[in-house]
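Participant: How does the following fold in three dimensions:
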Amino acid sequence: MPHNGRARPLTAALDPAMPRPYTRAMVSDSHLREALKRYWGYDSFRPRQERIVRSLLEDHDTCVVMPTGGGKSLCYQLPAALMPDKTAVVISPLIALMQDQVAQLTTMGIPAAVLNSSISATEQTQITRAACAGKYRLLYVSPERLARADTASWVQRVPLSFFVIDEAHCISEWGHEFRPEYRQLSRLRTEFPDRPIAAFTASATHRVRHDIIDQLQLKNPDKYIASFHRPNLRYIVRECKAADQMDLLLKAVRRHSDGHVIVYSPTIARVGQTVAFLQDNGIPAVEYHGKMNPAARRSSQERWMSDEVRVLVGTIAFGLGINKASVRAVIHLSLPKAIEQYYQEAGRAGRDGQPADCLLLWQKYDIGLLVHFIEQIEDSAEKERAWQRYHNIRRFVDSKTCRHRQICVHFGENPKWRSCGACDVCGCGAEWLLEPAKVPRRARRDRKGRRDQGLPLLPGTKVDLSLREYMRNRRREIAKQHEVPAFVVMHDTSLDELCQRKPRTLSELREVPGFGKRKTELYGDEILSALKSYIDAAPRWRPVTGSP
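Facilitator: Take a look at the predicted model:
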């Protein structure tokens, strides 16, 4: 499916080699692992994933709180893929996120579609009819779309497996991203009383979790609450003056010259200023904010995702559902309005499990700005909630207590440890912030970002860096030819494994994590051809072997 979210003809969306889905009674451990390997290319589940999959296969209401990068989407996509002639309706707030999910599913051979405003009326009618006929395993819609009277009428005719509410914290007024349109989702229980509802979120306090369950009227739900402790992240909080902030930013970006970086800026104007500052200092960067037209935002995101540019500067509009494992740093240039917001945004670093830095560089000016916006709130109850969030984030940055522990306690955990060794309070080694800015280790090109930056390596591996750079560029070319984002062809972690194993046949490629059957069929020959071209030309290359 092209990355613009438009559905292919139905015959192209269906995988003729797709095995007949199993009935619930037939789903054994081997069946689940067979499907996991076939579609996702993985041999084993991550913690809790299999139990969540079984909850949905057994028609249980479910509430899942799992950190960013924990593999939430697989938890509902896999059971949906196994249910014969039924459709899971996924309610998600972002068009771009839904489009990427459908592109991935289609590549994997799982029939899926998205309904949004970018699709013509004719295509929407085709998708609606196909959904009513049970042709899709997953159908993605926005909460606004689901609330429409015309949508509610035809959804009644869809053979539903279950509903999925993504970013479920948006339904709670106590959440940091409350969206009134999410409140209307409470009607699902009334209109579809016999269909299971699964709520997924990465950031919800104990109070918000209870509110989610109450608002959606979940019936005795299975609850899966993962730990909020991300031990591979280093939380570094520093109050600074305006004159020093950009110097600290430059140090941080240069320190992570071999990885991807997200910089969160408080305003659209600051986004542009920060991009210009980085480019003036020889660091290619792209911008992302809500005032850009959709095509420009998509272009910035895809340039960053496909490794053309390694630094993205954005407002809070960027990040929801971003599937980039190799982010080595997330840098905030202002005080977030809530701990939940900070945790969610900082959590986009280190999704591959490797060390990553989360820097919060704030100024006293940020306090006045937050107070100003709170005072503009007219609803007294909402103003009270905003003040509570304000005091929580102030305590977080002002306290001399372990940052990791503060976050865990905020979300309702009670850690046994007092010191983490992975934050500035506990001495994680943030002394480099006090050192003079270093000259970049390699020359950089012009502002257009035409000089690519390298990707970080997997731990303990030794990779031919020339091969890695070559395959990274070929991945980008293959993605453009197929009109999909680069990560749909191959994730960063799969790229490193590929360069280490150097498969020569399609069967060997299937053993590389992340290469399911359908993905291997779609891209395998091109990937193996690229590997062969490199190997055949090896005498003309000067490969460099390295490790982290």
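
Participant: So which bits of stretch 470-489 are buried?
Facilitator: 470-472, 474-476, 478-479, 482, 484-489 (16 or more other C-beta atoms under 10 Å). Any C-beta I mention is one placed from the backbone N, CA and C, and that applies to glycine too.

Participant: All the strands of the stretch 1-150 of the chain, residue numbers only.
Facilitator: Along the stretch 1-150 of the chain, counting by DSSP state E, counting those that start in this stretch, strands occupy 62-65, 87-91, 112-114, 138-141.

Participant: and those strands, which is most packed in?
Facilitator: Of the strands of the stretch 1-150 of the chain, the one with the most neighbours on average (mean count of other C-beta atoms under 10 Å) is strand 112-114, at a mean of 29.

Participant: Domains in the chain, by residue range?
Facilitator: 10-225, 233-434, 463-546 (automatic domain parsing).

Participant: From the rest of the structure, what touches whichever strand or helix holds Arg234?
Facilitator: Under the criterion of DSSP states H and E, Arg234 resides in strand 233-239. Residues outside strand 233-239 that contact it (C-beta atoms under 8 Å, 6 or more residues apart in numbering): 248, 346-347, 349-350, 355-364, 396-397, 403-404, 407, 422-424, 428, 430, 433.

Participant: again, only using 7 Å
Facilitator: 248, 346, 349-350, 355-362, 397, 403-404, 422-424, 428, 430, 433 (C-beta atoms under 7 Å, 6 or more residues apart in numbering).

Participant: Of those, which belong to strands?
Facilitator: Among the contacts of strand 233-239, the ones falling in strands (DSSP state E) are Ala356, Asp357, Cys358, Leu359, Leu360, Leu361, Trp362.

Participant: now, which of those sits nearest Glu378?
Facilitator: Trp362 (27.2 Å; C-beta to C-beta).

Participant: Can you report how many residues lie near the closest one?
Facilitator: Other residues within reach of Trp362, judged by other C-beta atoms under 10 Å, total 20.

Participant: Compute the number of surrounding residues for the residue lying closest to it once chain neighbours are set aside.
Facilitator: Excluding the flanking residues, the one nearest Trp362 by C-beta to C-beta, 6 or more residues apart in numbering is Leu335, at 4.4 Å. Leu335: 24 surrounding residues under other C-beta under 10 Å.

Participant: residues contacting Leu335?
Facilitator: Taking C-beta under 7 Å, 6+ apart, one finds Trp362, Asp366, Ile367, Leu370, Ile393, Val397 in contact with Leu335.

Participant: one more time with 10 Å, if that's ok
Facilitator: Under the criterion of C-beta atoms under 10 Å, 6 or more residues apart in numbering, the neighbours of Leu335 are 237, 239, 266, 342, 360-367, 369-370, 390, 393-394, 396-397.

Participant: Please apply the same query to Leu216.
Facilitator: Contact partners of Leu216, counting by C-beta under 10 Å, 6+ apart, are 61, 63, 163, 165, 168, 171, 182, 185-186, 188-189, 197-199.

Participant: Check the gap between it and Cys75 for me.
Facilitator: As judged by C-beta to C-beta, to the nearest Å, Leu216 and Cys75 stand 17 Å apart.

Participant: same question, Ile171
Facilitator: 19 Å.

Participant: likewise Ala537?
Facilitator: Ala537 is 43 Å from Cys75, where distance means C-beta to C-beta.

Participant: Between those two, point out the one with more neighbours.
Facilitator: For Ala537 versus Cys75, the count of surrounding residues by other C-beta under 10 Å is larger for Cys75: 26 against 10.

Participant: need the contact list for the residue nearest to that one when sequence neighbours are not counted.
Facilitator: Nearest residue to Cys75, sequence neighbours excluded (C-beta to C-beta, 6+ apart): Ile52, at 4.2 Å. For Ile52, the contact set (C-beta under 10 Å, 6+ apart) comprises 45, 60, 62, 64, 66, 71-72, 74-76, 78-79, 198, 200, 222, 224.

Participant: Could you do Gly347 as well?
Facilitator: Shown in contact with Gly347 (C-beta under 10 Å, 6+ apart): 67-70, 202-203, 228, 230, 233, 319, 327, 330, 356, 358, 407.

Participant: Quick check, pLDDT for it.
Facilitator: Note on Gly347: pLDDT of 91.

Participant: and what of Pro294?
Facilitator: pLDDT, Pro294: 83.

Participant: looking at it, it is touching Ala96, isn't it?
Facilitator: Yes - Pro294 lies in contact with Ala96 (C-beta atoms under 10 Å); the separation is 7.9 Å.

Participant: burial count for Tyr390?
Facilitator: Applying other C-beta under 10 Å, we find 18 residues neighbouring Tyr390.

Participant: which parts of the host helix or strand of it are buried?
Facilitator: Secondary structure from DSSP H and E places Tyr390 in helix 380-398. Residues Arg385, Ala386, Arg389, Tyr390, Asn392, Ile393, Phe396, Val397 are the ones in helix 380-398 that count as buried (16+ other C-beta under 10 Å).

Participant: Next, the angle from that helix to strand 356-362.
Facilitator: Helix 380-398 and strand 356-362 are oriented at 110 degrees to each other (axes from the mean of the first three to the mean of the last three C-alpha atoms, to 10 degrees).

Participant: Restrict helix 380-398 to CA atoms and write it as CSV.
Facilitator: Extracted as CSV, the C-alpha positions of helix 380-398 are listed here (Å, rounded to 0.1, in the frame of the first residue of the first chain):
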residue,chain,number,x,y,z
SER,A,380,-12.3,25.8,37.4
ALA,A,381,-12.0,22.0,37.5
GLU,A,382,-9.6,22.0,34.5
LYS,A,383,-7.6,24.8,36.0
GLU,A,384,-7.2,22.8,39.2
ARG,A,385,-6.0,19.8,37.3
ALA,A,386,-3.5,22.0,35.3
TRP,A,387,-2.2,23.4,38.6
GLN,A,388,-1.7,19.9,39.9
ARG,A,389,0.3,19.0,36.8
TYR,A,390,2.3,22.1,37.2
HIS,A,391,3.3,21.4,40.8
ASN,A,392,4.2,17.8,39.8
ILE,A,393,6.6,18.9,37.1
ARG,A,394,8.1,21.5,39.3
ARG,A,395,8.8,19.0,42.0
PHE,A,396,10.3,16.7,39.4
VAL,A,397,12.9,19.3,38.2
ASP,A,398,13.6,20.9,41.6
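
Participant: Relative to the whole chain's centre, how far out is that helix?
Facilitator: From the chain centre to the centre of helix 380-398 is a distance of 27 Å (C-alpha atoms, centre = their mean, to the nearest Å).

Participant: just stretch 477-495 next, same as before
Facilitator: Relative to its chain's centre, stretch 477-495 lies at 16 Å (C-alpha atoms, centre = their mean).

Participant: What are the boundaries of the helices in the stretch 101-250 of the chain?
Facilitator: In the stretch 101-250 of the chain, the segments counted as helices under DSSP state H, counting those that start in this stretch are 121-132, 143-147, 149-155, 180-183, 187-191, 206-216, 242-255.

Participant: could those helices be laid out in TSV, adding distance to Ala112 and mean pLDDT?
Facilitator: Output for the helices of the stretch 101-250 of the chain, formatted as TSV (distance: least, C-beta to C-beta, whole Å; pLDDT from 0 to 100):
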stretch	distance to Ala112	mean pLDDT
helix 121-132	10	92
helix 143-147	16	88
helix 149-155	16	86
helix 180-183	22	89
helix 187-191	20	92
helix 206-216	23	94
helix 242-255	37	92
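
Participant: what about the stretch 301-450 of the chain, any weak spots by pLDDT?
Facilitator: Where the stretch 301-450 of the chain drops to pLDDT under 70, the residues are 319-321, 429, 434-450.

Participant: got the end-to-end distance for stretch 90-101?
Facilitator: 11 Å (C-alpha to C-alpha, to the nearest Å).

Participant: Of all the residues in it, which ones are buried?
Facilitator: Buried residues in stretch 90-101, defined by neighbour count with 16+ other C-beta under 10 Å: Val90, Ile91, Ser92, Pro93, Leu94, Ile95, Ala96, Leu97, Met98, Gln99, Asp100, Gln101.

Participant: Thanks a lot, catch you later.
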